[in-house]
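Asks: can you look at this prediction? I've put the sequence above it.
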Amino acid sequence: MKKSKKRILSTFAFLLMSLIIFAQNTIVNIYPNVKHQVGDISEFDRAKYINLHSTLTDGDWAQQSDKLEYMMSTLDVHLGRDNGIMGSAMNYAKEDALKPGYADSADLVAQGKLVRDGWKLNVRKKYENNSDMMIGGQENPHWPGKVTKSGWTVASSDAVGDFMGRFLNSYYRNDNDPADSGQKRPKYLEVINEPLYGLVDNGEFTPIDVFNHHNAVADAIRRHNKDVKIGGFTLAFPDFDKDNFKNWEERMKLFIDVAGDKMDFFSIHMYDFNKHHFNNGTNFDGPVNFKGSRAEATIDLVENYSKLKLGYVKPLLF
């Protein structure tokens, strides 16, 4: 304990010395006995903020069991995102012979049972308390008109949502089931990951098409599962101020107008670009960083419009 206190005091002394050297006009007051609380939150929630884009079934852990143990048990890292499993499940699902363009429900039940049975043999299930998953759709195959790897064409947004709802029920255990009877059902579902690049920016579809897709998918999912939180539109690079805020008006604001009522949360991806951010692939025009005041302004704009349009601030998922 004495060594620990000395180390903390040494760290404080070093920080204060650094402030004196590099920012002599700055005064830092430290109150180690003060408890900081916002609302009912007074502790740092690692499950919410220390998340890795991975899963317990990720093949990358096959030869890295020691690193997984270190991250889960020592560092208390949490796993929170799986953008592959739903795409794979739909790609290899059979088509409903009586309802062309829809996944066969009996096949989903059978395939889901195989996946759940396999979980019993997975040694990584002991880390389940560090796994709180969000799953997401992909442009391929979760978009009307796409052809699955099994060879059938996705009929509609309703067909996508119907698949997702049945998938949630078939591939995961129920809350009261034994822990070895399958993975926990994900709490969050993003309808489609970063859809505007592949669907809108090439001129094939409009943002309205994508946002109406969110509504139809959400309705179909809720026919089968009313517990999962559904959100979108999972945009990357929220350059809201671009073209005098035209980007905001035609994308995120429009999404809230069209689909805000049916979403449980809004999702945004903020990526920093530094030396690898180029204009037309040749001239460096960065950096573009989504942090500090830029991140705060981005969040403020979404939350403020959510309050104005919907009457309350809808949760954000990053």
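Replies: Structure received.
Asks: contacts for stretch 252-269 next, please.
Replies: The contact list for stretch 252-269 (C-beta atoms under 8 Å, 6 or more residues apart in numbering) reads 188, 190, 194, 207-208, 211-212, 214-215, 218-219, 229-238, 240, 298, 301-302, 305-306, 309-310, 314-318. For the C-beta atoms, the positions are set from N, CA and C on the backbone; glycine is no exception.
Asks: ends of that stretch, what's the gap?
Replies: 12 Å (C-alpha to C-alpha, to the nearest Å).
Asks: so for it, mean pLDDT?
Replies: Mean pLDDT, computed over stretch 252-269, is 97.
Asks: how is the protein partitioned into domains?
Replies: Using automatic domain parsing, the domain ranges for the chain come out as 1-34, 45-190.
Asks: residue ranges of the strands in the stretch 201-318 of the chain, please?
Replies: Counting by DSSP state E, counting those that start in this stretch, the stretch 201-318 of the chain has strands at residues 229-236, 265-269, 278-279, 283-284, 316-317.
Asks: highest mean neighbour count out of these?
Replies: strand 229-236 (a mean of 22; mean count of other C-beta atoms under 10 Å).
Asks: elements contacting that strand?
Replies: With contacts defined as 3 or more C-beta pairs under 8 Å, 6 or more residues apart in numbering; DSSP states H and E, the packing partners of strand 229-236 are strand 188-190, helix 196-199, helix 207-224, helix 252-259, strand 265-269.
Asks: so Phe163 sits in a strand?
Replies: No: if the criterion is DSSP: H, G, I helix; E, B strand; the rest coil, then Phe163 is helix and not within a strand.
Asks: how about the contacts made by it?
Replies: Phe163 touches 90, 93, 102-103, 108, 142, counting by C-beta under 8 Å, 6+ apart.
Asks: cool, Asn51 as well?
Replies: Contacts of Asn51 (C-beta under 8 Å, 6+ apart): 77-81.
Asks: what does Glu194 give?
Replies: By C-beta under 8 Å, 6+ apart, the neighbours of Glu194 are 234-236, 269.
Asks: the helix or strand bottoming out on mean pLDDT in the chain: what's the following helix or strand?
Replies: The helix or strand with the lowest mean pLDDT-type score in the chain, counting by mean pLDDT, DSSP states H and E, is helix 2-22 (a mean of 41). Next helix or strand after helix 2-22 toward the C-terminus (DSSP states H and E): helix 46-49.
Asks: re earlier: worst average pLDDT in the strands of the stretch 201-318 of the chain?
Replies: Within the strands of the stretch 201-318 of the chain, confidence is poorest for strand 278-279, with a mean of 58 (mean pLDDT).
Asks: give me the pLDDT value at Lys67.
Replies: At Lys67, pLDDT is 94.
Asks: tell me how far the helix or strand harbouring Ala159 lies from the chain's centre.
Replies: Assessed by DSSP H and E, Ala159 sits inside helix 157-171. Distance, stretch centre to chain centre, for helix 157-171: 18 Å (C-alpha atoms, centre = their mean, to the nearest Å).
Asks: export it as CSV, just CAs?
Replies: Backbone C-alpha positions of helix 157-171 (Å, rounded to 0.1, in the frame of the first residue of the first chain) are rendered in CSV as follows:
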residue,chain,number,x,y,z
SER,A,157,-37.1,-4.9,-46.6
ASP,A,158,-39.8,-6.9,-44.9
ALA,A,159,-38.0,-10.1,-45.9
VAL,A,160,-34.8,-8.7,-44.3
GLY,A,161,-36.5,-7.8,-41.1
ASP,A,162,-38.4,-11.1,-41.0
PHE,A,163,-35.1,-12.9,-41.3
MET,A,164,-33.4,-10.8,-38.5
GLY,A,165,-36.3,-11.3,-36.1
ARG,A,166,-36.3,-15.1,-36.6
PHE,A,167,-32.5,-15.2,-36.5
LEU,A,168,-32.5,-13.5,-33.0
ASN,A,169,-34.9,-16.1,-31.7
SER,A,170,-33.2,-19.1,-33.2
TYR,A,171,-29.4,-18.5,-32.8
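Asks: okay then, goodbye and thanks.
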